[in-house]
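# sequence? don't have it. structure:
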């Protein structure tokens, strides 16, 4: 065999071995991750994260009709809701300097484009100075226009430009039904512009106001109402005001699913009086009533007349008041049992019935005198 043939055969064998080695090396070597970034880098003590562990994002946004309706309601009404902070003055003992410190907070809402703000009386009662923060975060000093503790309502006023004021739409509470959806917007625990939802749990509830008198026809709801929600609006599904959130029933102070709201039909007439007169001018019969505990002790049903206001309707109609003889004997006066056919069992019944009327109205008063039941027409006067 020639030497040239031997050399050529050796070269061919070497070339074959080199090609085979390269092929098998490529088949068995791991794939290099060309997308490796600092995000994939393993932290000390951790295994490197795989690039395939990230999930793809579904970019399609889908909202149900009810979700979109709730979103629209909140976005439309939230600019009408505000945050109220009460400040009290504290005087330093040594320097005698006066410092204003926050003493409480609550919610409120814009009533009209004159800057009137509605809230609960108990939200503002301990404050010497009031601040109202609107939804755009602007803050305004507020003055008290008027308040009615027996309804737990107060009216404030801020001097904000009209373009910053969006009055809340007003509905009615007389047509509400149990099970109807409701929405509450407020500032629970200082967290402003919070929305909670629920239903009307009951109607016609009665609660005791901060003034000590009952508030009737109150709305009960399971929409979460927490400290800071007081004074905020309760809304129907169209975003209209149907009540003012005033209190919760809870042993812990947090929402237990039982909240109460003053019905808007009552709010409407109380607020109108407060804005016009600075006080509620209830229509009155012109009588002074005996404290109810006496009627209870004597087993008397009705409102017992203790005195008459000179020149008012009751005196003009000939009603009689309680008398006491020189020997100490008590002679009962007239006992009011009904007003326009509505039963009066106690003093509060009479107050609540008269709230439905206005000064100048004529009402038929049914009363008991000397065990005889009688009736007379009485012209109501202004308080």
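Yep, that arrived. These numbers were taken from a predicted model, which means no experiment stands behind them.

# my read: residue 207 touches residue 259, true?
No - taking contacts as C-beta atoms under 8 Å, residue 207 lies outside contact range of residue 259: 10.7 Å. All C-beta atoms are positioned from the backbone trio N, CA, C, and that covers glycine.

# what residue ranges in the stretch 201-350 of the chain are flagged as low confidence?
Within the stretch 201-350 of the chain, the stretches with pLDDT under 70 are 248-257.

# Longest strand in the protein, please.
strand 194-208 (DSSP state E).

# Tell me the strands beside it, with direction?
Partner strands and pairing direction for strand 194-208 (DSSP bridges) are strand 181-186 (antiparallel), strand 214-221 (antiparallel).

# List the buried residues for it?
For strand 194-208, the neighbour count (16 or more other C-beta atoms under 10 Å) marks 194-198, 200-201, 203, 205, 207 as buried.

# Please parse the chain into its domains.
For the chain, automatic domain parsing gives the domain ranges 77-164, 181-277, 283-382.

# If you tally nearby residues, what's the number for residue 347?
Using other C-beta atoms under 10 Å, residue 347 has 18 neighbouring residues.

# related to what we said a few turns ago, most tightly packed of the domains of the chain?
Using mean count of other C-beta atoms under 10 Å, the stretch among those with the largest mean neighbour count is domain 181-277, at a mean of 20.

# Okay, now that one: how far is its last residue from its first?
35 Å (C-alpha to C-alpha, to the nearest Å).

# same thing with stretch 325-341?
33 Å.

# What of stretch 290-310?
Termini of stretch 290-310 sit 17 Å apart (C-alpha to C-alpha).

# Can you give the distance of it from its chain's centre?
Stretch 290-310 has its C-alpha centroid displaced from the chain centroid by 36 Å (C-alpha atoms, centre = their mean, to the nearest Å).

# Helices of the stretch 1-150 of the chain, start to end?
For the stretch 1-150 of the chain, the helices defined by DSSP state H, counting those that start in this stretch cover 3-28, 65-77, 121-124.

# And the ones you listed, which one averages the lowest pLDDT?
Sorting the helices of the stretch 1-150 of the chain by mean pLDDT places helix 3-28 lowest, at a mean of 57.

# How about residue 267, nearest residue that isn't a chain neighbour?
residue 244 (5.6 Å; C-beta to C-beta, 6 or more residues apart in numbering).
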